[in-house]
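K.L.:
A predicted structure for the sequence below; I have some questions about it.
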Amino acid sequence: MQVGNIYVNRPNTGARVAIEPFGGFKLSGTGPKAGSADYLKAFHLFTENTYQDEFKDMQEDGSDYLYDIAVSSHFDPIQRRKKLVPILNEIYTRYESFFSTFSEVNKEKCKSFFHWIQNNLANYQTESHPNHFIPGQLSFNKKSMFRQSGAALAFTACPSLRSFINTMSAICAGSGLVILCRNEEVYRFWWEVAQIFYRHGYPKSTLELYLASDKLIKQALADERFDFFIIDATEKKTEQLLRECFTQNEASFLRMVLTNFDGPAFFDWSGFIDQFVYVRAYAINTMRHGAPLEVSL
C-alpha cells in the first residue's frame with residue numbers, strides 16, 4: 001500500500017490525539033506526532049560534508065534523444081541480493097580500472113559498502129524496525145517500499161565516491177535509474193558498470209544510460225516522473241542545478257535531490273539505503289478494549 005502510515009484498529013477503539021504517529025512520505029499529518037524517527041530523514045538532514053571539487057565539470061555535445069524512464073526490476077529483496085552479489089564482486093575485482101584516482105581509504109569504504117549490501121540489505125528491507133514504544137500497541141516501521149524512478153546527472157569526468165555509492169544504493173534499494181552523462185569519459189565509466197549489471201541478469205529497463213545534452217538535463221529536472229535526483233558536479237554547477245530543480249512545478253511527492261556536499265556519513269550504509277526508501281509507520285492496537293487514552297510518553 002502506498003501510504004506513509006498504516007493504522008490497524010478495532011471498531012470499539014479510536015486514535016489518541018497527539019499520540020498516534022500519523023504522518024508519512026505522502027505529506028499526511030502535522031505537528032509533533034507526525035511520522036517517526038525515520039520520518040525526519042525525508043527532510044534531508046545534513047550529516048557530513050568532506051567533499052572538495054576534485055574534477056572539473058566537463059560538458060560536451062550530447063543528444064536531445066528523449067530518455068526512457070527506468071523502472072524497478074521488481075525483484076524482491078532476496079532475489080535482488082542474489083543478483084547483486086556477483087555484480088558487486090566483479091566491480092570490486094576491477095576496482096583499479098574503474099577508480100584509478102581513488103585512494104586506498106576510498107577502496108576500503110567501497111569494500112565495506114559492498115560487504116554490507118551482501119550481508120545486510122535483504123534483512124534490512126524485509127524486517128520490521130521498532131518505532132517508539134506506546135502501551136497497548138505494536139508500533140514499527142517497514143522499509144520494503146522504495147522510490148520507483150530517479151535520474152543521476154553526471155558532469156565530472158569520474159564520479160565522486162559519494163555519488164558512486166548513492167547511485168549504487170539507489171539500484172540496490174530497488175529503484176529504477178536513468179544516468180544522464182554530460183561528457184564521454186563519465187559515459188564510458190557508467191557504460192562499463194552497466195554492462196556488468198546486464199550480464200548478471202539486470203534488465204536494461206532498470207538501468208538506462210544516455211549521453212545527454214544540456215537541454216535534456218533541463219527537461220529531466222522538470223520531469224515529475226522522477227522521484228529523486230543524484231547530482232555529481234562541482235559546487236558551482238550543483239548550485240545552478242538546484243535552482244533549476246526547485247523552480248519547477250511541485251511534484252505530488254517530495255522529490256529528493258542528493259549532491260556531493262551532504263548526506264549520510266560513510267560507513268553508515270543503512271543511511272545511504274534509507275535515502276531511497278519510503279518509510280511506512282505501522283500502529284496496531286493489541287488491547288481487547290482498545291489502548292488507554294491517557295498515556296505518558
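P.N.:
Nice, thanks for sending it over. Residues are numbered from 1 along each chain as shown.

K.L.:
can we go C-alpha only for contacts and neighbour counts from here?
P.N.:
Will do.

K.L.:
buried sites along stretch 120-137?
P.N.:
121, 122, 124, 125, 128, 131, 134, 136, 137 (16 or more other CA atoms under 10 Å).

K.L.:
so who does residue 167 touch?
P.N.:
Contacts for residue 167 (CA atoms under 8 Å, 6 or more residues apart in numbering) come out as 152, 230.

K.L.:
Can you classify it by secondary structure?
P.N.:
Assigned with DSSP: H, G, I helix; E, B strand; the rest coil, residue 167 falls in the helix class.

K.L.:
re the thing from before, check the buried residues of stretch 120-137 and tell me the two furthest apart.
P.N.:
Greatest spatial distance among these (CA to CA): 121 and 136, at 30.7 Å.

K.L.:
Isn't residue 154 up against residue 182?
P.N.:
Yes - assessed by CA atoms under 8 Å, residue 154 is found in contact with residue 182 at 6.2 Å.

K.L.:
picking up where we left off before, could you redo the buried residues of stretch 120-137 as a markdown table and give each row pLDDT, secondary structure and distance to residue 177?
P.N.:
Formatted as a markdown table, these follow (pLDDT from 0 to 100; DSSP: H, G, I helix; E, B strand; the rest coil; distance: CA to CA, whole Å):
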| residue | pLDDT | secondary structure | distance to residue 177 |
| --- | --- | --- | --- |
| 121 | 95 | helix | 19 |
| 122 | 94 | helix | 20 |
| 124 | 95 | helix | 21 |
| 125 | 94 | helix | 19 |
| 128 | 92 | strand | 26 |
| 131 | 79 | coil | 30 |
| 134 | 74 | coil | 38 |
| 136 | 75 | coil | 42 |
| 137 | 77 | strand | 38 |
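
K.L.:
Tell me the one of those nearest residue 191?
P.N.:
Out of the buried residues of stretch 120-137, the member with the shortest distance to residue 191 (by CA to CA) is residue 121, at 24.9 Å.

K.L.:
Just list the residues touching that closest one, thanks.
P.N.:
Contacts of residue 121 by CA under 8 Å, 6+ apart are 77, 81.

K.L.:
go on, the one 3 residues further on?
P.N.:
Residue 124 makes contacts with 143, 270, as judged by CA under 8 Å, 6+ apart.

K.L.:
What distance do you get for it to residue 147?
P.N.:
Distance of residue 124 to residue 147, computed by CA to CA, to the nearest Å: 16 Å.

K.L.:
And residue 121, by the same measure?
P.N.:
From residue 121 to residue 147 the distance is 16 Å (CA to CA).

K.L.:
Then residue 286?
P.N.:
31 Å.

K.L.:
more crowded one of the two?
P.N.:
Ranked by neighbour count (other CA atoms under 10 Å), residue 286 and residue 147 place residue 147 first, with 21 against 15.

K.L.:
What are the boundaries of the strands in the chain?
P.N.:
5-8, 128-130, 137-146, 149-154, 176-181, 207-211, 228-232, 256-258, 277-285 (DSSP state E).

K.L.:
Of all those, which one is nearest residue 61?
P.N.:
Residue 61 lies closest to strand 207-211 among those, at 8.4 Å (CA to CA).

K.L.:
Can you name every helix or strand that the closest one contacts?
P.N.:
Judged by 3 or more CA pairs under 8 Å, 6 or more residues apart in numbering; DSSP states H and E, strand 207-211 is in contact with strand 176-181, helix 184-199.

K.L.:
Around residue 239, how many other residues sit close by?
P.N.:
13.

K.L.:
Disregarding residues adjacent in the polypeptide, which is nearest to residue 209?
P.N.:
Ranked by CA to CA, 6 or more residues apart in numbering and with sequence neighbours excluded, the top spatial neighbour of residue 209 is residue 179, at 4.9 Å.

K.L.:
Am I right that that neighbour is in contact with residue 159?
P.N.:
No - between residue 179 and residue 159 there is no contact under CA under 8 Å: 11.7 Å.
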